[in-house]
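*Asks:* fold the stuff below for me.
(3 chains)
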Amino acid sequence: MKAFAYTRADDVDGAIAALAASPGGMFLGGGTNLVDLMKLGVASPGLLVDVSRLPLTEIEETPDGGLRIGAGVRNSDLAAHPAVRARYPALSQAVLAGASGQIRNTATTGGNLLQRTRCLYFQDVGKPCNKRVPGSGCPAREGVHRDLAVLGHSAQCVATHPSDMAVALAALDAVVELRGPGGERTVPLCDFHRLPGDEPERDTVVEPAELVLAVRLPAPPAGRSAYRKARDRSSYAFALASVAAALDVRAGRVADVRLAFGGLAHKPWRARVAEGTLRGAPATEESFAEAAEAELAAAEPLRDNAFKVRLARNLAVRVLAGLAAPGEEETGS
Amino acid sequence: MAAPQTTSPVTLHVNGVAHRRELDHRTTVLDALREHLGLTGAKKGCDHAQCGACTVLVDGRRANSCLLLAVAHDGAEITTVEGLADGDDLHPLQAAFLEHDGFQCGYCTPGQICSAVGMIAEAGEGAPSHVTPLAAGPPGVPVPLSPDEIRERMSGNLCRCGAYVNIVAAIGDVTR
Amino acid sequence: MSTDPVRLEGREKVTGSARYAAEHTPPGTAYAWPVPATVALGRVLSVDTGAAMAEPGALAVLTHENAPRLKDVEDRTLLVLQNDRVPHRGWYVALAVAETPEAARAMAAAVRVAYAPEEHDAVLTPEHPRLYFPEEANSGIPACRERGDFDGAYARAPVRIDATYTLPGLHNHPMEPHATTARWEDGRLFAHDSCQGATAVQETLAALFGMDKERITVVAEHVGGGFGCKGTPRPQVVLAAMAARHTGRPVKAVLPRAQLAAVVGHRPPLIQRMRLGAGEDGVITALAHEVTTQTSTVREFVEQAAAPSRAMYVSLDSRTTHRVAALDVPSPSWMRAPGEASGMYALECAMDELACAAGVDPVELRVRNDTATYPDSGKPYSSRHLVECLREGARRFGWDARDPRPRSRTEGRLLIGSGVASSFYPVYLMPSSAQAQVTGAGRYRIRVNATDIGTGARTVLAQIAAEALGVAQDLVAVEIGSSALPAAPLAGGSAGTGSWGWAVHKACRTLVGMIDERGGTLPTDGLTATADTGEDIASDPPHAKASFGAQFAEVAVDTDTGEVRLRRLLGVFAAGRVLNARTGRSQFIGGMTMGVGMALMEGSTMDARFGDFAERDLASYHVPACADVRGIEAHWIDEHDPWLNPMGSKGIGEIGIVGTAAAIANAVHHATGVRVRDLPLLPEKLLAGLERPR
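*Replies:* Numbering: from 1, shown residues only, chains lettered A, B, ... in the order given. Model prediction:
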């Protein structure tokens, strides 16, 4: 880790101004990913602008019946918030499925969105990686990639986005509030993260010195929502695949559905194809399977991760079936 | 242009005692405790928040001190394993770990015990875990700590000796 | 709850006052950070230390050009920074030393190394051209044994199993990384080292630095786990000693977690072909266990995975062989129950396949194949209660209620199954010395360079001493963990308690005799008895000696995800006299817990292109977390065996991991009908086979 300067921001505009004046700098929130990457040598900011004490830690009701979650809200506080627990259960479940109690106490909402891939090559400065060093190559494509992407990857990069929280936010149509030197803007969560394409070094659409202020949730979708994750151990592991869904069933048919996959792509994967297939269809396992398969038809698995396609399909079917038939949720393993 | 300042004065209140040091901005709370304050109870197992051995309480909440920059925690109240006992009287969790043999090599133990202190408080405030049913009690009502709840909530603290069975029993003894 | 004593150092461990190797900071301490090679094979052309030395707080960069010269030793993994060769990726090519840990890390990142890379070969295949039959496998056993006519007997057998089982590399990952604090004073070297045996570290440092060992003191008072990877000296103690000599400062060297996978040893990848020929009754007539594995070009280590097949069951005609290829990979070494943990995985899975093929209950099959003698030598076992463990385990587990048909039990979308496997671990004993002293006022002190890596050695040695002295345990103080104490073997091979305890027992009995000679009055000016067991341990004992056990597992397999979760794991062991039920139970359960990891999640993937293990941190190399471990129970049967040592104990530190993976794999087969012969049992290996007809 290179030595760096540090400044604690007193207000949002001060933070943005400080970073705008120092192109090699970065914002510091909870630091659970940034400090990790600095120790690895993957990130080497010359300046840290500490935004952890800015007044961005509230969860507020919005006039449209939604919530505004401050970027500084800790993951554990988000998951435990009564309104989240009651109205956006998929979000609470997703946050609680990630990391550990200690990390959730430290990590913030904004930081969770901005965390970087856990691709082993990205984290090893002794090896090539197009995301870390553009143009150096992607050894993951032919190398160790069991955990990596099956959807939306490019010749340049097969990384996955590691967040659980963001998958639920994608399904729940969240919107990210940003402020930068040029003013404020909002970006739908589904457009916040990018696919790698030819610029794998860019994870998100965030511009230099832009600060995530908050995540806004619209009023909860009709019906219920849920999140489920498959992983290599019972807790404290990243997703092999995960599913966030909200489902509204009327008279045996799908009135509305939101579906997003995690662990499959460079971004939370909002399953619009599946949703389109399902709307108006009978709320049956057969429909759910057909819809998931339609979405996953675009998958291009790598040598060792084809199982993720089947895994994601099955998870989607189970989560949707559970939402369609309250009380018949399978016993968790 | 002058070289940027890369150290700052930092005050950490550790186990009720204020310590002021000029620290490198790179210094973590864990390294400040271990290398600057002589408090080696919190352990460095992985240095990347992947094992939990460095768990301490920061302003009352458990956290991995290896990823906390000390400069960003100027003024924080920190409780380490050294601050749990009351004189010669062990904290109930310390006594239970001893009695239930909730450790072998002892290296993860301070983190386990600090994590358990924080975890019990979290459940007491009604904070849910991954295994808490959505239909569980209203907000703020303590979550009963079943063995499954303890196991899930303690999963951020790895123990390679495999003392989990006894750790869960020790915590269960204290929370029962 | 056991009434046996709690750990003597337990209070220090729960209050955080127990100090481990890196928790000593003499005035002026400097910090070291190693620089690993980033090529898989080749030579260092140059090391540019300019940028590193420009870091504020930089003290030195050690390279092969300026590091102190070391004398040759047998374990060449310790000969760091001695020449320009890079035998594998991760091999140390430089060491940064600085005033602070932060500066040392930054320096290490700034060291620029130029290499002349060479083409490397890092991937083991069943027919690798570099494969050869070594003379010996680990623990000094012959690599190859043929007894009778395997081929003929196998061809004649009415029931035959031919299956190949594979294991990935596995890493010990003790919670405390390898660490040393070293300082030189007046030509003497002092080191706090995280190791399993300070005597061996002292002797090896003496050889490396060409010094009299009396001028070296190595202390290992508290050690944060080892599981074999601290069993012999490791590079950190050499690096710290070199850096301290080079800089004239005390130096702390803590190996970063992500570097451990390449430099401290691991269980190597193993390919094991098992062939069992049996009668219709399941009694084995022919057994072949053929092991293919890898080592590095730095040292030959051959995991003796076929060894248990020489010991477990009747088999008139057998072939047990090891082949190894020296590849351009990190050096393997000991990991908890080397040979037994890996070999019994293959043998006990093959036994399950045989049970299915012969239509014999898996418990009954093992009973039918029990033997009173060690098949390979014909020596009788001094005690062997495998059948009793199987029967008692079956009773406690409720095995009789099991429907033997695979995929016969479901709960919702989960498939539930159960499996059994035997456990086995040889009894090793090593010569040790010890002292027993009267220290006045009716108190005693035991001095022995034993190491407590979490086993409870300190406590059990106090118990052994108190019993031998015939006094209350609180009158006995125990000093361990320093090379300044009477020399003793490492904590390894499950031999610590037996080896150290024998010497302690002998010293105590000698002391009692000396006191008796003085008319039974305790001298006030002190009295010391010294014992050495070098003469007591027979080189060719009349018996074979081993611990046995049986493990029963119940798993739930999610039909949608292929996730396997453990529900219950029950072990019953016959391991001689268990000297402390509280800490002994922890040893068994701890081994079984590591076995759960081996079965379900642990694995290091050799990255062919780069020549290193891909999973090098604790986020990617999954060890069991608390939520993975439910319902583990350990029991034992009282076993009285006069042929062991004065305490009547066998080792218990390793047998817990032996058989666990097979019991779980067999349970997964029972649950699903899918036979996965490749560990760990990850979802992708089960998913396809779980699909129901739709």
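*Asks:* can you tell if stretch C:104-116 touches chain A?
*Replies:* Yes - against chain A, stretch C:104-116 shows contacts by Cβ under 8 Å from any Cβ of the partner chain at C:105-106, C:109. From N, CA and C alone the C-beta is placed, and that goes for glycine too.
*Asks:* the residue in the stretch 1-150 of chain C positioned nearest to chain B - how many residues pack around it?
*Replies:* Across the stretch 1-150 of chain C, the shortest distance to chain B (Cβ to the nearest Cβ) belongs to C:G16, at 2.3 Å. Number of residues near C:G16 (other Cβ atoms under 10 Å in any protein chain shown) recorded here: 26.
*Asks:* who touches A:D11 in this structure?
*Replies:* Counting by Cβ atoms under 8 Å, 6 or more residues apart in numbering or on different chains, A:D11 touches A:L54.
*Asks:* for it, give its distance to chain B.
*Replies:* Applying Cβ to the nearest Cβ, to the nearest Å, the value for A:D11 to chain B is 17 Å.
*Asks:* what are the phi and psi values at the residue in the stretch 201-350 of chain C that chain A sits nearest to?
*Replies:* Closest residue of the stretch 201-350 of chain C to chain A, Cβ to the nearest Cβ: C:A258 (8.2 Å). Here is the backbone geometry of C:A258 (degrees, to the nearest 10): phi -70, psi -10.
*Asks:* where does the nearest residue to C:V86 once chain neighbours are set aside fall, phi/psi-wise?
*Replies:* With sequence-adjacent residues excluded and distances taken as Cβ to Cβ, 6 or more residues apart in numbering or on different chains, C:V86 is closest to C:A37, at 4.4 Å. Here is the backbone geometry of C:A37 (degrees, to the nearest 10): phi -70, psi 140.
*Asks:* so for C:A37, what's the pLDDT?
*Replies:* Note on C:A37: pLDDT of 98.
*Asks:* how about the residues of the stretch 151-300 of chain C near chain A?
*Replies:* Residues of the stretch 151-300 of chain C lying near chain A (Cβ under 8 Å from any Cβ): none found.
*Asks:* got the phi and psi for the residue of chain A found nearest chain B?
*Replies:* Proximity of chain A to chain B (Cβ to the nearest Cβ) peaks at A:S100, 2.4 Å away. Here is the backbone geometry of A:S100 (degrees, to the nearest 10): phi -130, psi 170.
*Asks:* circling back to that earlier point, give me every residue that touches the residue nearest to C:V86.
*Replies:* Going by Cβ under 8 Å, 6+ apart, C:A37 touches C:44, C:86, C:88-93, C:113, C:115.
*Asks:* rerun that using 6 Å as the cut-off
*Replies:* Listed by Cβ atoms under 6 Å, 6 or more residues apart in numbering or on different chains, the contact set of C:A37 reads C:86, C:89, C:91, C:93.
*Asks:* most neighbours, which of those?
*Replies:* Neighbour-wise, the contacts of C:A37 (other Cβ under 10 Å) top out at C:V86, 27 neighbours.
*Asks:* any idea how far that one lies from C:R323?
*Replies:* Distance of C:V86 to C:R323, computed by Cβ to Cβ, to the nearest Å: 26 Å.
*Asks:* do C:A244 as well
*Replies:* Distance from C:A244 to C:R323, by Cβ to Cβ: 42 Å.
*Asks:* just want the most central residue of chain A.
*Replies:* Per Cα atoms, centre = their mean, the C-alpha nearest to the average position across chain A is that of A:A166, at 2.6 Å.
*Asks:* quick check, pLDDT for that one.
*Replies:* 98.
*Asks:* what's the longest helix in chain B?
*Replies:* When chain B is parsed with DSSP state H, its longest helix is helix B:109-124.
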